[in-house]
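Visitor: heads up, no residue letters with this:
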């Protein structure tokens, strides 16, 4: 399903509706020493005084650059809850562990490379009254061509195998009800990057998923730590195997085919 939009406008910047509960802002971090300070300062500046009940969780995943030192300095200055790891867990497990530290009813999970603007949180927040998972879809996507092509092919395969409508299931900008995370996160294990498998499992459990276009920006400094060109074949193979294993499990459990859950595109 395509996003039917040509522009992105923002009607308000808070305050967040307290009726729907507080928000844990979760940053999984790996080797982002040059950009993590800007990321954290911008998100805290945008949300701290506009969300009545908010916490900022930073979960570092065994970085090999100066990220740990930067975060330990920022911990003394900023209202963050910092969790350091001295071993590399990988994105999926690191994100699972990071979300376990959240205490609020909602999780706003954001990649730490500052390719999303903090202000675009307000595109997602108003949908909490109706949806359980709100995905910020990159519009347009500002990544190298090979990454755009890989993501496009991946999402095409997901829609083909699982007959679901979502445009970008692996986005790094998502607002999720914590109860859904607690229920489904332990079962996510087949796909390396967590979010797509999580969205698929939520869909077949009947949870409501919304898609919202948000601006995406080119990486300002450094390079991706995961999608190196030399690893693309291995990554593609792992992703395809994960799709097949998840499809077989859901088929065996009788969850496929299942009536589609509601989806919303703004």
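Guide: That came through, no problem. The model shown is predicted, which means the values in this text are computed figures rather than measured ones. Residues are numbered from 1 along each chain as shown.
Visitor: Report the central residue of this protein.
Guide: The chain has residue 172 as the residue nearest its centroid, 3.4 Å off, counting by C-alpha atoms, centre = their mean.
Visitor: Can you give me every residue that contacts that one?
Guide: With contact taken as C-beta atoms under 8 Å, 6 or more residues apart in numbering, residue 172 is in contact with 109, 110, 111, 113, 115, 116, 195. Placement of C-beta: from N, CA and C, glycine included.
Visitor: again, 10 Å this time
Guide: Contacts for residue 172 (C-beta atoms under 10 Å, 6 or more residues apart in numbering) come out as 28, 109-113, 115-116, 136, 138, 193, 195, 216.
Visitor: So which one of those is the model least confident about?
Guide: pLDDT across the contacts of residue 172 is lowest for residue 193, at 80.
Visitor: Touching, that residue and residue 95? I think so.
Guide: Yes: assessed by C-beta atoms under 10 Å, residue 193 is found in contact with residue 95 at 8.5 Å.
Visitor: Which one's more surrounded, those two?
Guide: residue 95 (24 against 20; other C-beta atoms under 10 Å).
Visitor: Not counting sequence-adjacent ones, nearest residue to residue 81?
Guide: Of all residues not flanking residue 81 in the chain, residue 57 sits nearest, at 5.0 Å (C-beta to C-beta, 6 or more residues apart in numbering).
Visitor: what's around the one you found, how many residues?
Guide: 23.
Visitor: and if you look at residue 156?
Guide: Residue 156 sits with 10 neighbouring residues when counted by other C-beta under 10 Å.
Visitor: circling back: ok, the contacts of residue 172 vs residue 73, which is closest?
Guide: residue 112 (15.8 Å; C-beta to C-beta).
Visitor: For the closest one, list the residues it contacts.
Guide: Contacts for residue 112 (C-beta under 10 Å, 6+ apart) come out as 26-32, 35-36, 39-40, 43, 58-60, 67, 172.
Visitor: Just the residues you listed: which are in strands?
Guide: Counted as lying in strands by DSSP state E, out of those, are 26, 27, 28, 29, 58, 59, 60.
Visitor: Quick check: PyMOL command selecting the buried ones in the residues you listed.
Guide: Selection of buried members from the ones in strands among the contacts of residue 112 for PyMOL, criterion 16 or more other C-beta atoms under 10 Å:
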select buried, resi 26+27+28+29+58+59+60
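Visitor: As TSV, the ones in strands among the contacts of residue 112 with distance to residue 237 would be great.
Guide: Converted to TSV, the ones in strands among the contacts of residue 112 look like this (distance: C-beta to C-beta, whole Å):
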residue	distance to residue 237
26	29
27	29
28	24
29	27
58	32
59	28
60	29
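Visitor: May I ask which two of the ones in strands among the contacts of residue 112 are separated the most?
Guide: Greatest spatial distance among those (C-beta to C-beta): 26 and 60, at 12.2 Å.
Visitor: From what I see, residue 119 and residue 125 are in contact.
Guide: No: contact between residue 119 and residue 125 fails when scored by C-beta under 10 Å: they sit 11.2 Å apart.
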